[in-house]
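**Student:** A structural model of the following input is requested.
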Amino acid sequence: MSPHQVDAYLDGALGEEAEARFLDHLIDCAACQAELHGEVQLRDREDALRGAATTTTTTRAGDAPVIPIGAGRRR
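**Tutor:** The predicted structure is shown next:
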């Protein structure tokens, strides 16, 4: 099996028969098990980083509103 099969499996791009063959192969292939495990970990880290980037650029509940400097000054 190729690394592309691992990606296709995780992306849900394999048909029923191809997915069944991949899963049957996965039972006995340590290399593909390791590849699948590594790819899942990588995708999880990417998702976590995307989530962290999103929360730092948006206002979270409980944060004080940002008031521009000079907006509250009286003249």
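**Student:** which helix in the chain runs the most residues?
**Tutor:** helix 30-57 (DSSP state H).
**Student:** and that helix, what does it pack onto?
**Tutor:** Here helix 30-57 touches helix 3-11, helix 16-28, going by 3 or more Cβ pairs under 8 Å, 6 or more residues apart in numbering; DSSP states H and E. Where C-beta positions appear, they are placed from N, C-alpha and C, glycine not excepted.
**Student:** in CSV, list the C-alpha atoms belonging to the last one.
**Tutor:** Looking back up the chat, that one is helix 16-28. Provided in CSV are the C-alpha atoms of helix 16-28 (Å, rounded to 0.1, in the frame of the first residue of the first chain):
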residue,chain,number,x,y,z
GLU,A,16,-16.2,0.6,0.1
GLU,A,17,-14.2,-2.2,-1.5
ALA,A,18,-10.9,-0.2,-1.4
GLU,A,19,-11.5,0.8,2.2
ALA,A,20,-12.1,-2.8,3.1
ARG,A,21,-8.9,-4.0,1.4
PHE,A,22,-7.0,-1.2,3.1
LEU,A,23,-8.3,-2.1,6.5
ASP,A,24,-7.6,-5.8,5.9
HIS,A,25,-4.0,-4.9,4.9
LEU,A,26,-3.6,-2.6,7.9
ILE,A,27,-4.1,-5.5,10.3
ASP,A,28,-0.8,-7.1,9.3
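**Student:** can you tell me which of the helices and strands packed on helix 30-57 is most buried?
**Tutor:** Mean neighbour count (mean count of other Cβ atoms under 10 Å) peaks for helix 3-11 among the helices and strands packed on helix 30-57, with a mean of 15.
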